[in-house]
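Visitor: Have a look at this fold, sequence not included:
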């Protein structure tokens with residue numbers, strides 16, 4: 001059962017009306033600034049504690065782009081507080097490490113679900129199974145990313161709390177379970193959104209491949225793909 005959170009946001013120090021119903025969230029403040037460059041009249045609505053956020057307009061439609069920083073707890077704060085302030089549809093755009101050789105760097109994973117071993121998503125969902133993305137928003141997002149000319153992989157991801165524990169045994173364990181990539185926030189984002197009665201989906205840019213041991217691409221190297229993915233996400237949010 002969904003429930004609304006009462007009270008004032010603690011970390012996103014904005015007011016109702018500052019946050020749009022449509023929001024793109026990202027873990028890297030550099031990418032948030034890149035995304036904000038696509039908006040008309042973008043203005044900073046928060047920078048407190050590193051939770052950088054802008055609101056502007058895309059082809060006349062209000063859109064907020066916000067940084068959720070790293071990890072599930074931080075992402076939970078941002079989804080909670082954006083929901084308090086009026087966000088109703090959210091797309092996480094992030095990076096991921098691929099588990100299978102066929103998923104190449106610069107390609108996009110649009111997950112329908114996120115496996116996890118964290119207690120945080122279970123606290124929101126009340127179940128131990130994977131967190132599920134909003135099916136309709138996920139479908140629109142995948143189609144818009146394909147229209148943008150990017151290769152899309154559909155499937156499950158593993159949301160990990162331990163960035164440096166992604167050794168061969170972790171790759172094999174979750175690849176065997178059906179995950180095509182690893183990241184850190186989707187399970188929490190999906191669970192919090194569902195608990196609050198809002199929609200959430202994700203488009204993950206593959207920054208490296210753990211199966212082939214490729215290097216991690218930087219934010220600057222991924223910028224052109226990031227901008228194309230943000231445009232696709234906004235179109236999906238608006239449709």
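Guide: Now that the structure is in, tell me what you want to look at. A quick note: this is a predicted structure, and the numbers were derived from the prediction, not measured.
Visitor: what's the pLDDT at the closest residue to residue 180 other than its chain neighbours?
Guide: Nearest residue to residue 180, sequence neighbours excluded (CB to CB, 6 or more residues apart in numbering): residue 155, at 4.3 Å. Bear in mind the C-beta positions are built from the backbone N, C-alpha and C, glycine included. At residue 155, the predicted lDDT confidence score is 95.
Visitor: What of the one 3 residues further on?
Guide: Reading off the confidence values, residue 158 has pLDDT 96.
Visitor: Then residue 164?
Guide: 88.
Visitor: Show the end-to-end separation of stretch 186-204, please.
Guide: Chord length of stretch 186-204, first to last residue, is 10 Å (CA to CA, to the nearest Å).
Visitor: Same check on stretch 126-145?
Guide: Terminal-residue distance, stretch 126-145 (CA to CA): 32 Å.
Visitor: which regions of this structure lie under the pLDDT threshold?
Guide: Applying pLDDT under 70 to the chain flags the ranges 1-7.
Visitor: Closest to the centroid, which residue in it?
Guide: Nearest to the mean C-alpha position of the chain, by CA atoms, centre = their mean, lies residue 92 at 1.8 Å.
Visitor: beta partners for that one?
Guide: residue 25, residue 202 (DSSP bridges).
Visitor: on that earlier part again, how about the residue nearest to residue 180, secondary structure?
Guide: strand (DSSP: H, G, I helix; E, B strand; the rest coil).
Visitor: what sits against it?
Guide: Counting by CB atoms under 8 Å, 6 or more residues apart in numbering, residue 155 touches 109, 111-112, 178-180.
Visitor: repeat for residue 12
Guide: 19, 45-46, 48, 51, 53, 66, 78, 81-82, 85.
Visitor: got the residue ranges for the helices in this protein?
Guide: 29-36, 72-84, 119-125, 135-147, 168-177, 186-196, 219-238 (DSSP state H).
Visitor: What residues of the first one count as buried?
Guide: Going back to what we said before, that points to helix 29-36. 29, 31-36 (16 or more other CB atoms under 10 Å).
Visitor: elements contacting that helix?
Guide: strand 22-26, strand 53-58, strand 61-67, helix 219-238 (3 or more CB pairs under 8 Å, 6 or more residues apart in numbering; DSSP states H and E).
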